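>>> Pasting a predicted model and its sequence here:
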Amino acid sequence: MSSIGQYKSPAHSIKYLSHLAVGQKYAFYIIAVVIFLSACGRKETKKEPPGFAKEIPDYTGNRPNTLQSPIKMTDITNESGIAFTHVTGAFGEKWMPETIGSGGGFFDYDGDGLSDIFLVNSKDWDSHPSGNKTATSKLYRNLGNGKFEDVSDNAGISFSMYGMGCSFADFDADGDMDIYLTAVGDNKLLRNDSGKFTEVTQQYKTSGNDPLADHPSWSTGAAWVDVDRDGWLDLFVANYVKWTPETDIYITRDGKNKSYATPDVYKGESCRLYKNLKGKGFEDITQKAGVLNNEGKSLGVAIEDFNRDGWPDIVVSNDTQPNFLYINNGNGTFTDKARAAGIGYDENGRARAGMGIDVADIGNNNQLAIAIGNFSQEPLSLYTQTGFGELFQDRAGATRLSRPSLLQLTFGLQFCDFDLDGYLDLITANGHIEPQINKIQKDITFEQTPQVFHNSDGKFIDVSKEAGKVFQQPIVGRGIATSDFDKDGDLDVLFTVNGGSPKLLRNDLDNKNNFVGIQLKGKHPNLQAVGARISVFSGGSKQHRMVRTGSSYLSQSEIETTIFGIGESTKVDSLQVIWPKTGEILKLENLTANQVYKVNE
């Protein structure tokens, strides 16, 4: 470590305190933002009403038309050291949960600055004749050289459960990332104590179950979100349907053999919302907050501030039921405005089979789009804001997403700027729920190829065939998570596979576009600054992102570093951060490209 910053006068802030070289293109800067008042009263930060950063008039958001995409992905699963197989527990009964899981993701569990990988596993059922109950989830430590090491046993990840999804955050504000695991049955809250995990579910009362029900819930997606902006991260848990082995319903597609059921034959179960009691426990505020709704059959959850009032809202994808759009009223309660906003149903007034979900500003025009994966013969949904309020229009067809996604059954999906041109692309994980579907529907297969769509002049162009061999290899895709795990400045991808092995894809970007990475360190207790909004202005474009958990399907991407592609620009003209609790706005200018900056609140 060598100092490259120097104190000059009270009118200047000390920005660069230390520098650690990580390669020619990727360096790590620590920025300490120290506020001084000069004689003219200038300040580096100021309090303004919370919301999006103010727009700079010179930034039009226009972009050139792109004819070809340089997106290239390489499957490095085998050489990475990841040896994992998802266990469904299937033994001929075709119980519904077997074909739904499972997820995984990236997070830095040991605080060494490298993204580690967590993979959720299910297990054999108690009545499975083999009696094999040894399947466990796995934690792989990033060794920093493209290799990962299985540290599950040493880290305390050695238990068996019928797992579904995961979400990571530092809920107790002790400086390390904790894990929340969803499941068929009781969920698990794993507290991280310096790299060792301890289950504290019962102590913290976060099982995900309806306290009035006589059976445990089947939980799916989850997200950490500070709903009341007190700095402590609360927990939203999506629940699916009321199913147990004893209440399993016989369904057949061909009139002869049992098939995996769809959720329309089961009753739904409400999501749960838990208020964080300053890291000491949680209170179930589901009913008090207005999110008690047994009509939902929820799979995906994403967080955003849709009406720009500074309060985080929650959007939920439901399977065969109308989606939810919970707008935060700012007083501890939410109002579901999905139907009025136009995202509850498709354009024909029908509820689709909503799976994974993500939200992004795909046009760099400050208007958010909600992407939802749907069943085969139902194209992707792309609900796009028609202004800056709570009204959306499905523009999947207008953006060319409908036709290439029509035959796919899409579970995971995520917006990512894979080619660093400053505009978010879209990647999907596809796979059917019925292994024998091709015998009934000749155009539909159980294993399906993943897809990647390049954002080109407001259209999403399917560039899967050019993106790498893995996009021609069918899998039963489920979750997606992204991270720059190899620290080269572009986002890499993890696919989870139902009943199979995951796929770790290294992004081998084939262009000379530049990037800037932002790491936020918030004040206690929200140390990862979850809910902060980052705005980057560079090369005539503006980009806005929120630091948030959730999205995709049963999975979570790295939240420690936010990567912005800036195309051929060699610098960021200005950076703005709106801190989540106070709404204070921090502004920095002239950041050099191809660096990662750590910004302190």
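Happy to help now that I have it.

>>> Can you report how many residues lie near Gly479?
31 (other Cβ atoms under 10 Å). Bear in mind the C-beta positions are built from the backbone N, C-alpha and C, glycine included.

>>> got a list of what it touches?
Residues in contact with Gly479 (Cβ atoms under 8 Å, 6 or more residues apart in numbering) are 102-105, 165, 356, 411-412, 429, 494-496, 552-555.

>>> any idea whether it is helix, strand or coil?
strand (DSSP: H, G, I helix; E, B strand; the rest coil).

>>> Same question for the one 3 residues further on.
Assigned state for Thr482: strand (three-state reduction, three-state DSSP).

>>> which residues of the stretch 151-300 of the chain fall in strands?
Here the stretch 151-300 of the chain has its strands, by DSSP state E, counting those that start in this stretch, at 163-169, 178-183, 188-193, 196-199, 219-225, 234-239, 272-276, 282-284, 298-304.

>>> Let me have those strands in TSV, extended by mean pLDDT.
Output for the strands of the stretch 151-300 of the chain, formatted as TSV (pLDDT from 0 to 100):
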stretch	mean pLDDT
strand 163-169	98
strand 178-183	98
strand 188-193	98
strand 196-199	97
strand 219-225	98
strand 234-239	98
strand 272-276	98
strand 282-284	98
strand 298-304	98
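
>>> Now mean neighbour count too, for those, in JSON lines please.
Listed next are the strands of the stretch 151-300 of the chain as JSON lines, based on neighbours: other Cβ atoms under 10 Å:
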{"stretch": "strand 163-169", "mean neighbour count": "29"}
{"stretch": "strand 178-183", "mean neighbour count": "26"}
{"stretch": "strand 188-193", "mean neighbour count": "21"}
{"stretch": "strand 196-199", "mean neighbour count": "16"}
{"stretch": "strand 219-225", "mean neighbour count": "29"}
{"stretch": "strand 234-239", "mean neighbour count": "27"}
{"stretch": "strand 272-276", "mean neighbour count": "25"}
{"stretch": "strand 282-284", "mean neighbour count": "18"}
{"stretch": "strand 298-304", "mean neighbour count": "27"}
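
>>> would you list these in TSV and tack on distance to Asn366?
Putting those into TSV (distance: least, Cβ to Cβ, whole Å) gives the following:
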stretch	distance to Asn366
strand 163-169	27
strand 178-183	32
strand 188-193	36
strand 196-199	40
strand 219-225	21
strand 234-239	25
strand 272-276	28
strand 282-284	34
strand 298-304	12
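
>>> mind listing which of the contacts of Gly479 are in helices?
Of the contacts of Gly479, none are assigned to helices by DSSP state H.

>>> What ranges in the stretch 501-601 of the chain fall below the confidence cut-off?
Of all residues in the stretch 501-601 of the chain, none has pLDDT under 70.

>>> The residue nearest to Ile314 when sequence neighbours are not counted - how many residues pack around it?
Nearest residue to Ile314, sequence neighbours excluded (Cβ to Cβ, 6 or more residues apart in numbering): Tyr326, at 4.2 Å. The burial count assigned to Tyr326 is 26, neighbours taken as other Cβ under 10 Å.

>>> do Leu277 as well
13.

>>> With the flanking residues excluded, which residue is spatially nearest to Thr206?
Leu189 is the one closest to Thr206 (Cβ to Cβ, 6+ apart), at 4.7 Å.

>>> Confirm that the residue nearest to Ile314 sits in a strand.
Yes - under three-state DSSP, Tyr326 sits within a strand.

>>> So what sits opposite it in the bridge?
Ile314, Asp336 (DSSP bridges).

>>> Contact partners for it?
Contacts of Tyr326 (Cβ under 8 Å, 6+ apart): Gly290, Val291, Asp313, Ile314, Val315, Val316, Phe334, Thr335, Asp336.

>>> same thing but 7 Å
Val291, Asp313, Ile314, Phe334, Asp336 (Cβ atoms under 7 Å, 6 or more residues apart in numbering).
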